[in-house]
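**Student:** Following is a predicted model, sequence given first.
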There are 2 protein chains.
Amino acid sequence: MQYPEPIAKLIESYMKLPGIGNKTATRLAFYTIDMNEDDVTNFAKNLISARRDLHYCSVCGNITDEDPCEICRDTTRSQDMILVVEQPKDVMSMERMNDYHGLYHVLHGVLSPIEGKGPDDINIANLIKRLQKTPAKEVIIATNATPEGEATAMYISRLIKPAGIKVTRLAHGLSVGSDIEYADEMTLLKAVEGRQEI
Amino acid sequence: MQYPEPIAKLIESYMKLPGIGNKTATRLAFYTIDMNEDDVTNFAKNLISARRDLHYCSVCGNITDEDPCEICRDTTRSQDMILVVEQPKDVMSMERMNDYHGLYHVLHGVLSPIEGKGPDDINIANLIKRLQKTPAKEVIIATNATPEGEATAMYISRLIKPAGIKVTRLAHGLSVGSDIEYADEMTLLKAVEGRQEI
């Protein structure tokens, strides 16, 4: 005996999501059957709308429902600073800080020879074009502190530094509130290297 | 800055699912944007269809898209055995065993005084009605091996045994392939109590 078709198909759909296997998909599908009907209808609508109405901003590559995106259109933001991140999600993290008022550029990935990802596979060409049109004073590279993130930062830095643009990288060190006891060696090393006079 | 509305709404929808918090919902929503368009459309359709087309079988309470369900309609199954489970999912687990050919009855829960769940809140009345109409030879109670599951099994047994129906309960003991070393005390106790001559 198989599950009735409607639930078998829903389980299949849930399993297409990342990190959701057969058991979780089954649990979610059974939960869906008992959900409020309006919630399910809205869920379906929101899925369609997110897939259809969201695009990447043609300027910075961030996710948006209008082009250019809200941040790129905002003339009150300082136009001569660009913060480069890996993913659209990172833009939101930076915005939550409420302290950065420049522009962004989203790479949609990092250089990764292992995965066969070269400079043409991420949004670097657009960054160069942007800088040629309106040269920024400073480009802050905020790729993650992984080997790939570091390599990507170095690559971009070497590309744009010759144009006289100041290129900076986020500081690495101990998280605020963290214990030295539990810090890994690389983080400690970066914290010592980046020590500042008080 | 907020997320664009379509993604904010989709995150909200994902968060209505059990065990999915803000971070996972955000990850799933961003993943959805990059998904194959057909997959997203089907996902939406399957959500609607599962919510709309699935019902509980009026006989056994199992989930079905036709009433009565496939199992209740199947006259090749032995009609004088009813296996009582807590949830529709449990029916599938039993069917996977490929060895039971009787009927089922789904309680949709267990008696739980703590949660205020009494006999009227689970599908017991229907079971009694079923047995009055066509008396089964045996009712196997397969509620989970929890205090609530045990109490529910005892309650049902006392209700239907006076009618001369044989009432059995699934055996408790060591899982096949498991180590005695890692078994908990209750399981070991049940295994010793239920020991059989070889």
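**Tutor:** Nice, I can see it. Residues are numbered from 1 along each chain as shown, chains lettered A, B, ... in the order given.

**Student:** How about A:Lys45: what's its closest non-neighbour residue?
**Tutor:** In space, and not counting its chain neighbours, A:Lys45 is closest to B:Ala44: 7.4 Å by CB to CB, 6 or more residues apart in numbering or on different chains. C-beta: built from backbone N, CA, C; applies to glycine.

**Student:** isn't there a helix covering the one you found?
**Tutor:** Yes: assessed by DSSP: H, G, I helix; E, B strand; the rest coil, B:Ala44 belongs to a helix.

**Student:** In contact with it: list those residues for me.
**Tutor:** The contact partners of B:Ala44, by CB atoms under 8 Å, 6 or more residues apart in numbering or on different chains, come to A:43-45, A:47-48.

**Student:** Out of the residues you listed, grab the one that's most surrounded.
**Tutor:** Of all the contacts of B:Ala44, A:Leu47 has the most neighbours under the rule other CB atoms under 10 Å in any protein chain shown, reaching 27 neighbours.

**Student:** May I see the buried residues of the host helix or strand of that residue?
**Tutor:** Taking DSSP states H and E as the criterion, A:Leu47 maps to helix A:37-53. Going by neighbour count (16 or more other CB atoms under 10 Å in any protein chain shown), the buried part of helix A:37-53 is A:39-51.

**Student:** Include pLDDT when you put those residues into JSON lines, please.
**Tutor:** Shown next, in JSON lines, are these (pLDDT from 0 to 100):
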{"residue": "A:Asp39", "pLDDT": "95"}
{"residue": "A:Val40", "pLDDT": "95"}
{"residue": "A:Thr41", "pLDDT": "96"}
{"residue": "A:Asn42", "pLDDT": "96"}
{"residue": "A:Phe43", "pLDDT": "96"}
{"residue": "A:Ala44", "pLDDT": "96"}
{"residue": "A:Lys45", "pLDDT": "96"}
{"residue": "A:Asn46", "pLDDT": "95"}
{"residue": "A:Leu47", "pLDDT": "95"}
{"residue": "A:Ile48", "pLDDT": "95"}
{"residue": "A:Ser49", "pLDDT": "94"}
{"residue": "A:Ala50", "pLDDT": "92"}
{"residue": "A:Arg51", "pLDDT": "92"}
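
**Student:** helices or strands up against the helix or strand following the helix holding A:Leu47?
**Tutor:** Sequence order places strand A:55-56 as the next helix or strand after helix A:37-53, per DSSP H and E. With contacts taken as 3 or more CB pairs under 8 Å, 6 or more residues apart in numbering or on different chains; DSSP states H and E, strand A:55-56 sits against strand A:63-64.

**Student:** May I see the domains of chain A written out as residue ranges?
**Tutor:** A:5-53, A:71-169 (the TED database).

**Student:** Next, give me the two most distant ones among the buried residues of helix A:37-53.
**Tutor:** A:Asp39 and A:Arg51 (18.8 Å; CB to CB).

**Student:** what's the helix or strand for A:Val139?
**Tutor:** strand A:138-141.

**Student:** Would you list the strands that that strand pairs with, along with their directions?
**Tutor:** strand A:81-85 (parallel), strand A:166-169 (parallel) (DSSP bridges).

**Student:** How far off centre is the shortest one?
**Tutor:** If you compare the mean C-alpha spot of strand A:166-169 with that of the full chain, they lie 19 Å apart, counting by CA atoms, centre = their mean, to the nearest Å.

**Student:** which residues sit against it?
**Tutor:** A:137-142, A:153, A:156-157, A:160-161.

**Student:** Just the buried ones from these?
**Tutor:** Buried among those (16+ other CB under 10 Å): A:139-142, A:153, A:156-157, A:160.

**Student:** Most widely separated two among the residues you listed?
**Tutor:** A:Ala142 and A:Ile160 (14.8 Å).

**Student:** quick one on the thing from earlier: check the offset of the helix holding A:Leu47 from the chain's centre.
**Tutor:** Distance, centroid of helix A:37-53 to centroid of chain: 23 Å (CA atoms, centre = their mean).

**Student:** Tell me the buried residues in the helix or strand just after the strand holding A:Val139?
**Tutor:** Past strand A:138-141, further along toward the C-terminus, the next helix or strand under DSSP H and E is helix A:147-160. Using 16+ other CB under 10 Å as the test for burial, helix A:147-160 gives A:148-150, A:152-153, A:155-157, A:159-160.

**Student:** Between these, which sits nearest A:Asp80?
**Tutor:** A:Ile160 (13.6 Å).

**Student:** if I pick the closest one, what's in contact with it?
**Tutor:** Counted by CB under 8 Å, 6+ apart, A:Ile160 has contacts A:127-128, A:131, A:139, A:167.

**Student:** residue closest to the middle of chain A?
**Tutor:** A:Gln87 (1.6 Å; CA atoms, centre = their mean).

**Student:** can I assume that residue is in contact with A:Val106?
**Tutor:** Yes: using CB atoms under 8 Å, A:Gln87 makes contact with A:Val106 at a distance of 6.7 Å.
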